[in-house]
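In: how does the following fold in three dimensions:
(3 chains)
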Amino acid sequence: MDILKLLNEQQQQAVMAGLGPVLVMAGPGSGKTRVLTYRIAYLIQMMGVRPHQILAVTFTNKAAREMETRVADILADRFSDVTQSQVQRPSLGTFHATCARILRKEAHHLPFSANFVIFDSDDQISVVKQAIRDIDLDDKLYRPRAVHGVISNAKNELFLPDDFPIQTYRDEVMARIYRRYQELLLASNALDFDDLLLWTAYVMDNHPQVREYWGRRFEHVLVDEFQDTNLAQYELLKHLVHFHRNIYVVGDADQSIYGWRGADYRNVLRFENDFPDAQKILLEHNYRSTQPILDVAMAVIDRNPARTPKRLFAERGSGTKVILQEAYDDRAEAVYVVDTIAGLVARKQVEPGDCAVMYRTNAQSRLLEEAFLRAGLPYKLVGAQRFYGRREVKDIIAYLRLIHNPNDSISLMRIINTPARGIGNKTVITIRTLAQQSGVGMVELLEDLRKGDESVFWNSFPSRMAKVAGAFGHLFYRWRGLLNQLNPLELVDQILLDTEYQTYIDDGSDEGHDRWENILELRRLAAEHELSSLETFLEHIALVSDQDTLIGEMKVPTLMTLHAAKGLEFPTVFIVGLNDGTLPHSRSFDDPEAMQEERRLFYVGITRAMDRLYLVNAQSRSQFGYPEPADPSRYIEDIPSGLIEGRFSSASQLTVKNRQNQAARWKPDRVIEEPKTTQHFHPGMRVLHPAWEEGMVLNSRLEDDEEIVDIFFEGVGLKRVAASMAKLEIIT
DNA sequence: ATAAAGTGACTTTTT
DNA sequence: GTCACTTTAT
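Out: Residues are numbered from 1 along each chain as shown, chains lettered A, B, ... in the order given. Presented below is the predicted three-dimensional model:
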């Protein structure tokens, strides 16, 4: 098999491992995805496995998609002569998507029906709130987000409400909320993300024939990012491979960064216990990063205790040193990043699209965006401001969901008066109580009201109320009648038309216009699903996050969280916010496990870099609006100083490149103009000010032909001055 | 019933 | 500095 020539010895061993359980431990940049894809190709080509008998689960849609194309490429090469039988594709998807698919087939064993909807995080929080309200608890004491976390963890550990472990009074309350939450979901015929896993594990546990069916259906199960599986996922896998034991998992405990979400890297140990005969293969050759970058990575990760020692051999050799830079504050940090990228691009050392900026929390993206914007430089942001999270998009989706599943009371509450149609709180309560008393669904009741005084409910309302409610019910009655004749796009258009949504949202303001643009984007998405059922369209929306919606293949720098960076690589990487409290995040301080995870997160970030790595911290950061002094990250101490440069040698590099450079677009051929103003002040200088007397320069930068200097004056504090205005005298 | 204005609470990471 | 939720005024 000539494709194997492209693989090193360990990779070949992994690809050609025999059947039965296999555990591949793959360090960063060691060709993990390559091994997985070739393994699939190998199974099909050499072992005669039929593609549809292969199930490969990934953690993200992005990973699934990448694997899909790569497998398709290999197979297209291999089978260019063959057509029909090989056109079958292996099943490739996230755990959640795979489970949704299984559950739609097996719903008859379960307390919901096959047209269930999947609630997103916002919906889930709404349900928690409702549950808390239902049992008369104070949502200040039981904060919905926190409660949801508890419920989610319970589900990940396969605890149903009845099994919920109770140690304290609070636990007992949690169990009650959990029970109510679950009732509400089922009443809405809805599942949350965790339910997808939980119910799938549950149905396989309780129905051996279901387990057997899917076990035979998927003769080979491959798992990517195995260290990120939680207990529910692990149990599910065990069920799936119960018969054939053909389970092939790939992972790296050092890259486990989803513990907060129930992921348990100890699943690797469980795996070794449950499959003692598993073949173990280590991939330790790194093809991504230069030696200095790998050295830093190893220095950082080695500090984690109880780590299975794993070496990484650099295949790429030497390179530039890792640069450590301290900025005055988080704003200056962002400017430094933009300046540095602009400088590297101007000197043609990197392409804009080769650069990535990574940070711990999404909130950190704001200053970076501002800096890019101010410099007039394009960038792209992955994740964060979520398309599907936007009000207007959620509104229309709520209409669709409610048409698909009239029991979805969360969606109903969302849109019953959006756009405003005169159905206020009072009307809603009347409808709800009446529906409950007569044992009909709210949508059913509304639809009945469309018949006017022929409806048995008509006289239970004041006439004005009955009229508006009936008019709304009429809309739904029509839409549901149209359901089978219209595709998703036509249905969206019908809703937009009937609700006069554009008039409502596009009020002439810029913001209104943006919102309407988002609706048009949703239409575009719906257009892609021209041939799909509404159900498929909705499932796509629920399970494909914003992380996956690529904003085109623009060749510009990418901004993202460290989490979002996993699995990616970039020639030039900036990791910002290297301050204690940010990275590691303060919320992890009191939890040793979480602290180790913070370190792994940093390690993941470092190992994304191929050629250049910049680590940036700030002397002060704004947390809640006001700046506070910030300590450098403890991780900086862990890096032998011989491996880094920048911080102690030349702090003035901070302002090497000026705004003119920034103003240059990402065009390599653009000429760089010389700054008209030159810089006179540098950090560390002592200066004399006519009013504030002696002070020390903390930072200086050129901005619009003006030198802006930040100076700390004894007894006065920090001042920011323009050098041409303030008559500063340099003392040292 | 609705819109505007005020309040408080919070920010880790995501399927 | 932002968002969600509550109160207040129309």
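In: sheet-wise, list the partners of the strand or helix carrying A:Val697 with their directions.
Out: Assigned by DSSP states H and E, A:Val697 falls within strand A:693-703. Here strand A:693-703 is paired, per DSSP bridges, with strand A:686-689 (antiparallel), strand A:706-713 (antiparallel).
In: pLDDT averaged over the last one - what is it?
Out: Put plainly, it is strand A:706-713. Mean per-residue pLDDT for strand A:706-713: 72.
In: for that strand, which positions count as buried?
Out: A:Glu707, A:Ile708, A:Val709, A:Asp710, A:Ile711, A:Phe713 (16 or more other Cβ atoms under 10 Å). No exception for glycine: its C-beta is placed from N, CA and C like everyone else's.
In: just curious, which of those residues is nearest to A:Pro627?
Out: Set against A:Pro627, the nearest of the buried residues of strand A:706-713 by Cβ to Cβ is A:Asp710 (11.6 Å).
In: which one of the residues in the stretch 101-250 of chain A is closest to DNA strand C?
Out: A:Lys129 (6.6 Å; Cβ to the nearest atom of the strand).
In: ok, A:Ile177 - contacts?
Out: A:Ile177 makes contact with A:Val128, A:Ala131, A:Ile132, A:Ile135, A:Leu137, A:Tyr142, A:Val147, A:Ile151, according to Cβ atoms under 8 Å, 6 or more residues apart in numbering.
In: and if we set it to 7 Å?
Out: A:Ile177 sits next to A:Ala131, A:Ile132, A:Ile135, A:Tyr142, A:Val147 when contact means Cβ atoms under 7 Å, 6 or more residues apart in numbering.
In: which element, helix or strand, includes A:Asn518?
Out: A:Asn518 is part of helix A:510-528, with elements assigned from DSSP H and E.
In: quickly check: that helix near DNA strand C or not.
Out: No. Judged by Cβ under 7 Å from any atom of the strand, helix A:510-528 and DNA strand C are separated, with a smallest distance of 10.7 Å.
In: quick check: mean pLDDT across the helix or strand just after that helix?
Out: Toward the C-terminal end, the helix or strand that comes next after helix A:510-528 (DSSP H and E) is helix A:534-543. Mean per-residue pLDDT for helix A:534-543: 87.
In: chain center to helix A:534-543, what's the gap?
Out: For helix A:534-543, the separation from the chain centroid amounts to 18 Å (computed by Cα atoms, centre = their mean, to the nearest Å).
In: likewise for stretch A:400-420?
Out: On the basis of Cα atoms, centre = their mean, stretch A:400-420 sits 26 Å off its chain's mean C-alpha point.
In: then stretch A:688-695?
Out: The chain centre lies 49 Å from the centre of stretch A:688-695; the measure is Cα atoms, centre = their mean.
In: likewise stretch A:605-618?
Out: Here the centre of stretch A:605-618 is set off from its chain's centre by 20 Å, with Cα atoms, centre = their mean.
In: and DNA strand B, is that stretch touching that?
Out: No. Taking Cβ under 7 Å from any atom of the strand as the criterion, stretch A:605-618 and DNA strand B are apart, separated by no less than 12.4 Å.
In: re the thing from before, the helix holding A:Asn518 packs against which elements?
Out: Packing partners of helix A:510-528 (3 or more Cβ pairs under 7 Å, 6 or more residues apart in numbering; DSSP states H and E): helix A:391-404, helix A:488-499, helix A:501-505.
In: could you dump the ones you listed to TSV with distance to A:Gly376?
Out: Listed next are the helices and strands packed on helix A:510-528 as TSV, based on distance: least, Cβ to Cβ, whole Å:
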stretch	distance to A:Gly376
helix A:391-404	29
helix A:488-499	36
helix A:501-505	30
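In: figure out which of those helices is closest to A:Ala420.
Out: For A:Ala420, the closest of the helices and strands packed on helix A:510-528 is helix A:501-505, at 7.7 Å, according to Cβ to Cβ.
In: mind listing what's buried in the closest one?
Out: A:Tyr501, A:Gln502, A:Tyr504, A:Ile505.
In: before we move on, what about stretch A:54-70?
Out: Using 16+ other Cβ under 10 Å as the test for burial, stretch A:54-70 gives A:54-68, A:70.
In: cool, stretch A:203-218 as well?
Out: Across stretch A:203-218, burial judged by 16+ other Cβ under 10 Å covers A:Val203, A:Met204, A:Val210, A:Arg211, A:Trp214, A:Gly215, A:Phe218.
In: now do stretch A:432-452
Out: A:Ala435, A:Gly441, A:Met442, A:Val443, A:Glu444, A:Leu445, A:Leu446, A:Glu447, A:Asp448, A:Leu449, A:Arg450.
In: repeat for stretch A:34-47
Out: When burial is assessed from 16+ other Cβ under 10 Å, stretch A:34-47 yields the following buried residues: A:Arg34, A:Val35, A:Leu36, A:Thr37, A:Tyr38, A:Arg39, A:Ile40, A:Ala41, A:Tyr42, A:Leu43, A:Ile44, A:Gln45.
In: kindly report the same for stretch A:410-420.
Out: Buried, per 16+ other Cβ under 10 Å, within stretch A:410-420: A:Ile410, A:Ser411, A:Leu412, A:Met413, A:Arg414, A:Ile415, A:Ile416, A:Asn417, A:Thr418.
In: wait, what's in contact with the first one?
Out: By that I understand A:Ile410. Going by Cβ under 7 Å, 6+ apart, A:Ile410 touches A:Phe119, A:Asp123, A:Ser126, A:Val127, A:Ser188.
In: just to revisit the earlier point, so which of the strands paired with strand A:693-703 is nearest DNA strand B?
Out: Counting by Cβ to the nearest atom of the strand, DNA strand B lies closest to strand A:706-713 out of the strands paired with strand A:693-703; the figure is 23.4 Å.
In: any idea how far the closest one is from the middle of the chain?
Out: The chain centroid and the centroid of strand A:706-713 are separated by 39 Å, computed with Cα atoms, centre = their mean.
In: restricting to C-alpha, output that strand in PDB.
Out: Provided in PDB are the C-alpha atoms of strand A:706-713 (Å, rounded to 0.1, in the frame of the first residue of the first chain):
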ATOM      1  CA  GLU A 706       2.100  62.200  17.900                       C
ATOM      2  CA  GLU A 707       4.100  60.500  20.600                       C
ATOM      3  CA  ILE A 708       1.900  59.300  23.400                       C
ATOM      4  CA  VAL A 709       3.800  58.700  26.600                       C
ATOM      5  CA  ASP A 710       2.500  57.000  29.700                       C
ATOM      6  CA  ILE A 711       4.400  58.300  32.800                       C
ATOM      7  CA  PHE A 712       4.200  57.400  36.400                       C
ATOM      8  CA  PHE A 713       4.700  60.400  38.700                       C
END
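In: looking at chain A, which residue is nearest DNA strand C?
Out: Chain A approaches DNA strand C most closely through A:Gly625 (3.0 Å), counting by Cβ to the nearest atom of the strand.
In: tell me if that residue really is in a helix.
Out: No. Under DSSP: H, G, I helix; E, B strand; the rest coil, A:Gly625 sits outside any helix and is assigned coil.
In: do you know how far it is from A:Arg145?
Out: Here A:Gly625 is placed at a distance of 21 Å from A:Arg145 (Cβ to Cβ, to the nearest Å).
In: what about A:Thr33, how many neighbours?
Out: For A:Thr33, the neighbour count with other Cβ atoms under 10 Å is 17.
In: check contacts around it.
Out: A:Thr33 sits next to A:Glu66, A:Met67, A:Arg70 when contact means Cβ under 7 Å, 6+ apart.
In: helix or strand right after the helix or strand that contains A:Tyr181?
Out: Secondary structure assigned from DSSP H and E places A:Tyr181 in helix A:169-187. Using DSSP H and E, the helix or strand that directly follows helix A:169-187 along the chain is strand A:190-191.
In: and the nearest residue to A:Gly215 once chain neighbours are set aside, what's its pLDDT?
Out: Setting aside the residues directly before and after it, A:Gly215 is nearest to A:Phe243 in space (Cβ to Cβ, 6 or more residues apart in numbering), at 4.3 Å. We have a pLDDT of 90 for A:Phe243.
In: same thing with A:Glu729?
Out: 78.
In: identify the bridge partners of it.
Out: Residues in beta-bridge contact with A:Glu729 (DSSP bridges): A:Leu688.
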